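Peer 1: I need the structure of the sequence given here:
(one chain, ligands or ions: 2)
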Amino acid sequence: MIVKSYAKINLVLYVLNKRPDGYHDIISIITKVDFFDLIEIKPSGILSVLTNKPELNNNSNLAFRSAKKFFEESRIKDAVKIDIQKHIPLEAGLGGGSSNAAYTLLALNKMYDYVLSFDKLLDISLQLGSDCPFFLYENANLVCSKGEQVYPLDFLLKPQPIIIVKPEMGVSTKLAYSNLILTKRNNINKMTLVDRLKKGGPLAIMHNDLESSVFKLYPAIEYLKRKIYEIAQNALLCGSGSSVFAFAENCERQQIISMLDDGYFFKTTTILNNEGRDLYGHYRS
Ligand SMILES: C[C@](O)(CO)[C@H](O)COP(=O)(O)OP(=O)(O)OC[C@H]1O[C@@H](n2ccc(N)nc2=O)[C@H](O)[C@@H]1O
Ligand SMILES: Nc1ncnc2c1ncn2[C@@H]1O[C@H](COP(=O)(O)OP(=O)(O)OP(=O)(O)O)[C@@H](O)[C@H]1O
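Peer 2: Numbering: from 1, shown residues only. Ligands and ions are numbered 1, 2, ... in the order given. Here you go, the predicted structure:
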């Protein structure tokens, strides 16, 4: 089975408080974008993972760990070989690792006739990463708590054009959260936020509390955001960074690309709103 493992962007990310377990409660609206890794899963005598990035070819790969948990929880005595063509850059805030873990779970559960319930998939996914549960849902969702409460939006976002720019450095999510100085955020009304998005589109809600932390650690990322903003009149850090995205029409995207030198990765894409029910239909019917 071959599946597309999409990247995400956080259109808005509020960090509320630090929890007793060391994580942070967040309120975020996250959408998938039409930019993906390709995962191929084939029957095999032994569980293994192979990617085009040598540093990911080991048992800590999130797709490997996801498959291992799937076979443990389902008690199926079988194994698969997982081939991943990585396109989503690492430590970019695009959720590539969490996405690979979640899509591996969805694909295996389909291959093995839905042996695990959706709630069990959610349980497993949260053990692999806070962004992982989000990827078990289609398109755009409101995400709360540390990432495990996911509420699908009751409308589709327009497939607006986006540019994503990643500087050479990556950002560790742990460092981004630990360097954050929390401001009191007790006035975020989730329904108002969703309503603002519905009425005004993404530009009406774009905000990321992790920017202050990440920009202090890496002033070059703040500089990048400012340069993109000058052209597109909007720009936001993706999750915990290091990439920055902006909604931009073709001529603005061309201007942004010509401004960048060789050290940058860029991807022009769109909001994803037509993922299809292939992997999800079984749970939603
Ligand atoms: C920044 C976001 O991408 C926004 O969607 C997520 O909140 C991060 O999700 P993630 O990369 O899946 O994060 P995890 O792998 O679960 O956690 C990495 C580290 O980030 C910190 N972390 C993560 C999520 C969260 N809600 N609070 C945290 O404080 C913790 O120190 C944790 O050890
Ligand atoms: N299949 C995988 N794909 C990408 N990274 C993986 C994978 N498995 C393990 N990892 C490890 O997880 C780390 C962080 O993952 P990733 O690059 O997806 O972070 P990110 O883009 O900052 O994600 P997030 O937005 O969820 O914080 C990587 O640097 C890598 O060491």
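Peer 1: Can you give the contact residues for the least confident helix or strand in the chain by mean pLDDT?
Peer 2: The helix or strand of the chain with the poorest confidence is helix 281-284; it has a mean of 90 (mean pLDDT, DSSP states H and E). Applying CB atoms under 8 Å, 6 or more residues apart in numbering, the contact partners of helix 281-284 are 110, 114, 118, 277. C-beta here means a position set from N, CA and C on the backbone, and glycine is covered the same way.
Peer 1: and the third one, how many neighbours does it have?
Peer 2: Applying other CB atoms under 10 Å, we find 16 residues neighbouring residue 118.
Peer 1: which one is it nearest to, not counting chain neighbours?
Peer 2: Once flanking residues are discounted, residue 118 sits nearest to residue 283: 4.3 Å by CB to CB, 6 or more residues apart in numbering.
Peer 1: all strands of the stretch 51-200 of the chain, in order?
Peer 2: Secondary structure of the stretch 51-200 of the chain (DSSP state E, counting those that start in this stretch): strands at 80-85, 140-145, 149-152, 161-166.
Peer 1: which stretch among the ones you listed comes nearest ligand 2?
Peer 2: Closest to ligand 2 of the strands of the stretch 51-200 of the chain, according to CB to the nearest ligand atom: strand 80-85, at 6.1 Å.
Peer 1: List the buried residues of stretch 257-275.
Peer 2: 267, 269, 271, 272, 273 (16 or more other CB atoms under 10 Å).
Peer 1: which SS class is the nearest residue to the fourth one once chain neighbours are set aside?
Peer 2: Setting aside the residues directly before and after it, residue 272 is nearest to residue 32 in space (CB to CB, 6+ apart), at 4.2 Å. Local secondary structure at residue 32 is given as strand here, using DSSP: H, G, I helix; E, B strand; the rest coil.
Peer 1: Residue 32: neighbour count?
Peer 2: By other CB under 10 Å, neighbour count at residue 32 equals 26.
Peer 1: Also residue 76?
Peer 2: Counted with other CB under 10 Å, the neighbours of residue 76 add up to 14.
Peer 1: go on, residue 212?
Peer 2: 14.
Peer 1: and what of residue 159?
Peer 2: Residue 159 has 14 nearby residues by other CB under 10 Å.
Peer 1: any idea how far the nearest residue to it once chain neighbours are set aside lies from residue 225?
Peer 2: Of all residues not flanking residue 159 in the chain, residue 270 sits nearest, at 4.3 Å (CB to CB, 6+ apart). Residue 270 sits 21 Å away from residue 225, going by CB to CB, to the nearest Å.
Peer 1: ok, now residue 65?
Peer 2: Distance from residue 65 to residue 225, counting by CB to CB: 33 Å.
Peer 1: Residue 189 now?
Peer 2: Distance from residue 189 to residue 225, by CB to CB: 27 Å.
Peer 1: Looking at these two, which one has more neighbours?
Peer 2: Each of residue 189 and residue 225 has its neighbours counted (other CB under 10 Å); residue 225 has more, 22 against 10.
Peer 1: Wait, that one touches residue 234, no?
Peer 2: No - with contacts counted by CB atoms under 8 Å, residue 225 stays clear of residue 234, the gap being 10.0 Å.
Peer 1: Please report the distance of residue 258 from residue 165.
Peer 2: Residue 258 is 12 Å from residue 165, by CB to CB.
Peer 1: tell me which strands and helices the host helix or strand of residue 12 is in contact with?
Peer 2: Element membership for residue 12 (DSSP states H and E) is strand 2-18. Contacts defined by 3 or more CB pairs under 8 Å, 6 or more residues apart in numbering; DSSP states H and E place strand 2-18 against strand 24-43, helix 96-111, strand 161-166, helix 190-200, strand 207-208, strand 236-237.
Peer 1: Tell me which of these lies nearest to residue 221.
Peer 2: strand 236-237 (6.8 Å; CB to CB).
Peer 1: So which elements touch the closest one?
Peer 2: strand 2-18, strand 207-208, helix 210-217, helix 219-232, strand 244-247.
Peer 1: hey, which of those is tucked in deepest?
Peer 2: Most buried of the helices and strands packed on strand 236-237, by mean neighbour count (mean count of other CB atoms under 10 Å): strand 244-247, with a mean of 25.
Peer 1: For the spatially closest residue to residue 97 that is not a sequence neighbour, report the pLDDT, please.
Peer 2: Using CB to CB, 6+ apart and skipping residues adjacent in sequence, the residue nearest residue 97 is residue 62, 4.4 Å away. Note on residue 62: pLDDT of 98.
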